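Participant: Here you go, sequence then predicted model.
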Amino acid sequence: MFKKRKSFGVFLKNHLYKNWKRILEYYIALELYIIIFGR
């Protein structure tokens, strides 16, 4: 079970590393949306 969880953590880390640019773009877009429409 510990081994499974560890490999899942590695998978998650690899996934985030591959998609960090997309996540960053999404986060920036969300921030801009909140700034423009939040008031």
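Facilitator: Sure thing, it's come through.
Participant: Please, which helix or strand holds Leu32?
Facilitator: In this structure, Leu32 sits in helix 2-37 according to DSSP states H and E.
Participant: how far away is the most centrally placed residue in the chain from His15?
Facilitator: Residue closest to the average C-alpha location in the chain (CA atoms, centre = their mean): Ile23, at 4.7 Å. According to CB to CB, to the nearest Å, Ile23 stands 10 Å off from His15. C-beta: built from backbone N, CA, C; applies to glycine.
Participant: Same question for Tyr33.
Facilitator: As judged by CB to CB, Tyr33 and His15 stand 24 Å apart.
Participant: Could you find the closest non-adjacent residue to the residue nearest to the centre of the chain?
Facilitator: Leu16 (7.1 Å; CB to CB, 6 or more residues apart in numbering).
Participant: And the pLDDT at that neighbour?
Facilitator: Model confidence at Leu16, given as pLDDT, is 80.
Participant: was I right about it contacting Val10?
Facilitator: No - in this structure Leu16 lies outside contact range of Val10 using CB atoms under 8 Å: 10.9 Å.
Participant: sorry, back to before: the residue nearest to the centre of the chain and Arg5, how far apart?
Facilitator: With CB to CB as the criterion, Ile23 and Arg5 are 23 Å apart.
Participant: Over to Asn19?
Facilitator: 21 Å.
Participant: Measure how buried Ile34 is and give me the count.
Facilitator: For Ile34, the tally of surrounding residues (other CB atoms under 10 Å) stands at 10.
Participant: what does Lys21 give?
Facilitator: With other CB under 10 Å as criterion, Lys21 counts 8.
Participant: likewise Leu16?
Facilitator: 10.
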